[in-house]
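> quick one, fold the following:
(2 chains)
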Amino acid sequence: MTAEIRGLRPSQPTGPRPALHEGTRPPGVFTRHDIHGDTVLDADVVVIGSGAGGATMAAELAEAGFDVVVIEEGSYYQTRDFTADTSAMVRQLYRDGGATMALGNPPIMYQEGRAVGGSTVINGGMSWRTPDKVLERWDREAGLAGIAKDLEPYFERVERRIHVATMDAEAIGNDNLLLKKGADAKGWKIIGNLRNQNHCVGSNRCAFGCPTGAKQSALVSYVPRALHYGARIYADVRVNQITRHGKRATGVTGTVRGSGHHLTVRAKLVVSAAGAIHTPALLVRSGFRTPSGQLGHNLSMHPNVKVVAIFDEQVTGWKGAHQAFQVREFQDQGLLFASVNMPPSVLAMSFPHRGAQLGQLMDQYDHMMLAGMLCEDTHTGRVRTIDGKPQAFYQLADVDAANLKRGVSLLSEMLFAAGAKRILLPFHGAADLHGPDDARRLLDQHIPSSGWEVVTVHMMGTARMGSDRSRAVTDGFGLVHDADRLMVADASLFPTPIGVNPMETIMALATRAAGHIIDNAPRFLQ
Amino acid sequence: MAEATYQHAAPLPPPPSLGSLGRVVLRSLVPVICPPEAHHLADAIVAHMALTIGASPPLVRHALGAGLITYDLGAIPFHRRRAHKLDPARAETYFASWEHGPTPLHVQFARGINQLMSLSCYEQPAMLERVGYAPGPWIAEVTRKRLTVFAAEIRKQDTQILAPDPLRPGVRRKERV
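Have a look, this model is predicted:
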């Protein structure tokens, strides 16, 4: 393999490229245009999904000498494909155009990435270790003895690989500075956000594919690494089933999107990293049953709501880094606040206004600051497999709704302290807030759950790990109980919600699981 | 294997999403939902909505299609004509009647159409310009800055990504062509 193919040429006529492989077709990536008929492949390991779990697993195993094939339903894009056309990016990079929904009252919109690199291509890049109190709970409740100490070196490894760092000061935009101003005025704890970025310059397009290559998503970190060490990635292929012989997984069968050709991979080990919605459905439709009966259960979602604050001063939130800070004052109560700028179209979509009213409101776009909050949920939902497809059901619990409402009140108070003049709420029919007293009064108001606008990007727990096979779907490394050669490597594994952004936890668990496979290679390679 | 220039293929086309009636009904809703300054963009807004709906899950696509027909025909008992033929005042009254009742399905449909059309409206270049959103030049500017100012750090990270760092000693080495 030459240095040129690795994308490591020290100089290019047009200047340094913004990411590995940029502008070249990396060896080992195959798309629907490369598969001209039904195809059968052999590999040591087949990995389903190329996001935080799948790409990490593929890179670690490929480096150790395993022959790895990754199957990805989405297409292969490069940094230069990520444009300012928001809707086009959503259609290309999000599953079902971002219109996926967990049924309940209120329904909860959730988003998943569908591209090589998975959801890491469209996330905000927040990179946090699993909080100690969560790992202690996993130790205590899931029987994962010593997991906190065990994960430590894997967190370090992941952080090095994806370049976890706080933001350069000059990349921080007005929206984030206002968030900090509000937190400082209230005396609340606010910290610089850790993100997987290498000198992010603040295009604030994280959710639509980083157009500068600064975000070190799996697409520009673990995927090139996996390819470099010989892994093969088949994009545009939807896995229909995990094939099996009795309880032993033997590979996968899939369909090439666009052409309908079939792709079969025969492998000694199958790793599902399709995310907490699709992993349980894939296992169920492949005929795997677990003794716990918990497959698809325990769905946690970290419900998110947002408020829009309007300031007299120009905010121009689209210039500057995404979520440069997090307000951690209420983390112990399961609440995190951050500034989350969105393009005009996405913001307009969230308003109940229409006609001239919508126009008048949107004319103030440059004075708006969008702030959101993450709530660590206490109740769980479920993914059911209907006609082979997953459908999430999730009922926002009263206690979590109350916590969210309290969070909206606190966040609004903070934004008024930063100088906001008016705040629009995530509740249909709710009056706008015009001062901190309005924000405090919110706590006494009854808000029907049908009027809530709740979204999420953190789905977890539907194949939870644990030592007790009567309560957990997999063991502590993700190997499915009562199945052979079948592993899970995504957020499905989380025994509980973690209260922070899950990417780094997924990557660390996948790295640890890869180590387990490497240590026990004879068992898996026979 | 020789290095080949990467040429990305066009994205997969979305499945057909809207019939002609659906487009007509949506077009009639542009003056109801979009701000006056966007009314002349009706065709572009509806075309954009068709793309968005095409990317949605099949269930959503079918529900929206059925909802649009129901919405259109549902005006007849009240206004003696289909929704897409109502004058502006009646079109406004009729849409508002769906927004506020009589069943949660009516409310959800009106809310969904409002959301989709607002999205498509503010994806139009003229509307983006109106609100002062111009990310293209900004992205170009900051990308250039990053590649110039931080070139050394970028190369260092690229090297780090590929550098050997075995988690465990190699299990078995293989020769790949």
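
> contacts and neighbour counts: CA atoms only from here.
OK.

> do you know the pLDDT at the residue most central in space within chain B?
Residue closest to the average C-alpha location in chain B (CA atoms, centre = their mean): residue B:52, at 4.2 Å. Residue B:52 carries a pLDDT value of 92.

> list the residues that contact it.
Neighbouring residues of residue B:52 by CA atoms under 8 Å, 6 or more residues apart in numbering or on different chains: A:87, A:91, A:97, B:116.

> just give me the residue closest to the centre of chain A.
Closest-to-mean residue, chain A, CA atoms, centre = their mean: residue A:119 / 4.7 Å.

> tell me the buried residues in stretch A:387-399?
Using 16 or more other CA atoms under 10 Å in any protein chain shown as the test for burial, stretch A:387-399 gives A:390-397.

> ugh, typo on my part, it should be stretch B:94-108
Buried residues in stretch B:94-108, counted by 16+ other CA under 10 Å: B:94-95, B:98-99, B:106-107.

> in helices, which of those residues fall?
Using DSSP state H, the members of the buried residues of stretch B:94-108 that fall in helices are B:94-95, B:98-99, B:106-107.

> okay, those in JSON lines with pLDDT and distance to residue A:189 next?
Formatted as JSON lines, these follow (pLDDT from 0 to 100; distance: CA to CA, whole Å):
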{"residue": "B:94", "pLDDT": "97", "distance to residue A:189": "49"}
{"residue": "B:95", "pLDDT": "97", "distance to residue A:189": "46"}
{"residue": "B:98", "pLDDT": "96", "distance to residue A:189": "45"}
{"residue": "B:99", "pLDDT": "93", "distance to residue A:189": "41"}
{"residue": "B:106", "pLDDT": "94", "distance to residue A:189": "44"}
{"residue": "B:107", "pLDDT": "91", "distance to residue A:189": "40"}
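
> where's the spatially closest residue to residue A:101 that is not a sequence neighbour relative to residue A:301, distance?
Excluding the flanking residues, the one nearest residue A:101 by CA to CA, 6 or more residues apart in numbering or on different chains is residue A:109, at 4.4 Å. Residue A:109 sits 10 Å away from residue A:301, going by CA to CA, to the nearest Å.

> returning to what we had before: need the three-state assignment for the residue nearest to the centre of chain B.
Recorded secondary structure, residue B:52: helix (DSSP: H, G, I helix; E, B strand; the rest coil).

> and residue A:47, by the same measure?
Look at residue A:47: counting by three-state DSSP, its state is strand.

> count the neighbours of the closest residue in space to residue A:115 that isn't next to it in sequence for me.
Leaving aside its sequence neighbours, residue A:115 sits nearest to residue A:74 (CA to CA, 6+ apart; 3.8 Å). Counted with other CA atoms under 10 Å in any protein chain shown, the neighbours of residue A:74 add up to 25.

> quick one, phi psi at residue A:352?
Dihedral angles of residue A:352 (phi, psi; degrees, to the nearest 10) stand at phi -80, psi -10.

> can I assume it is in contact with residue A:428?
Yes. The pair residue A:352 / residue A:428 is scored as a contact, 6.9 Å apart, by CA atoms under 8 Å.

> quick one, helices of the stretch 401-526 of chain A?
All helices of the stretch 401-526 of chain A, identified by DSSP state H, counting those that start in this stretch, fall at A:436-441, A:503-519, A:521-525.

> surely residue B:47 is in a strand?
No. Residue B:47: not assigned to a strand; according to three-state DSSP it is helix.

> follow-up on the earlier one: could you export the buried residues of stretch B:94-108 to a markdown table, including columns for distance to chain A?
Output for the buried residues of stretch B:94-108, formatted as a markdown table (distance: CA to the nearest CA, whole Å):
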| residue | distance to chain A |
| --- | --- |
| B:94 | 14 |
| B:95 | 11 |
| B:98 | 13 |
| B:99 | 10 |
| B:106 | 13 |
| B:107 | 11 |
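
> run a quick neighbour tally on the residue nearest to residue A:334 when sequence neighbours are not counted.
Spatial nearest neighbour of residue A:334, chain neighbours left out: residue A:376 (4.7 Å); criterion: CA to CA, 6+ apart. Using other CA under 10 Å, residue A:376 has 25 other residues around it.

> which residues touch residue A:376?
Residue A:376 makes contact with A:302-303, A:334-335, A:497-499, according to CA under 8 Å, 6+ apart.

> may I have the phi/psi pair for it?
Note on residue A:376: its backbone torsions stand at phi -80, psi 110 [degrees, to the nearest 10].

> contact residues of the stretch 251-400 of chain A facing chain B?
Within the stretch 251-400 of chain A, the positions near chain B by CA under 8 Å from any CA of the partner chain are A:258, A:318-319, A:343-352, A:354-359, A:362-366.

> which of the residues you listed are buried?
With burial judged by 16+ other CA under 10 Å, the buried subset of those is A:318-319, A:343-352, A:354-356, A:358-359, A:362-366.

> helices along the chain, start to end?
In the absence of a named chain, chain A is used. A:52-63, A:86-93, A:132-142, A:147-161, A:174-186, A:222-228, A:275-285, A:344-350, A:355-362, A:398-417, A:436-441, A:503-519, A:521-525.

> you answered for a different chain; I wanted chain B.
Ranges of helices in chain B, per DSSP H, are B:20-33, B:42-54, B:58-74, B:76-79, B:88-99, B:104-121, B:125-130, B:135-149, B:151-162.

> CSV please, covering those and showing distance to residue A:432.
CSV is the format used below for these (distance: least, CA to CA, whole Å):
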stretch, distance to residue A:432
helix B:20-33, 20
helix B:42-54, 29
helix B:58-74, 30
helix B:76-79, 33
helix B:88-99, 19
helix B:104-121, 19
helix B:125-130, 24
helix B:135-149, 29
helix B:151-162, 45
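
> which one is residue 95 nearest to, not counting chain neighbours?
Assuming you mean chain A. Distance criterion CA to CA, 6+ apart; nearest residue to residue A:95, sequence neighbours excluded, is residue A:114 at 5.2 Å.

> meant chain B actually
Counting by CA to CA, 6+ apart, residue B:110 is the residue found nearest to residue B:95 once chain neighbours are left out, at 7.2 Å.

> tally of neighbours for that neighbour?
Residue B:110 has 21 neighbouring residues, counting by other CA under 10 Å.

> quick check on the residue nearest to residue A:115: phi, psi?
Main-chain torsions, residue A:74, degrees, to the nearest 10: phi -80, psi 180.

> contacts only, for it.
The contact partners of residue A:74, taken as CA under 8 Å, 6+ apart, are A:93, A:114-116, A:118, A:235-237.

> relative to chain B, how far out is it?
Residue A:74 is 10 Å from chain B, where distance means CA to the nearest CA, to the nearest Å.

> how about residue A:178?
Distance, residue A:178 to chain B, using CA to the nearest CA: 20 Å.

> from residue A:39, how far off is the residue nearest to that residue when sequence neighbours are not counted?
For residue A:178, ignoring the flanking residues on the chain, the nearest one in space by CA to CA, 6+ apart is residue A:418 at 5.8 Å. Going from residue A:418 to residue A:39 by CA to CA gives 59 Å.
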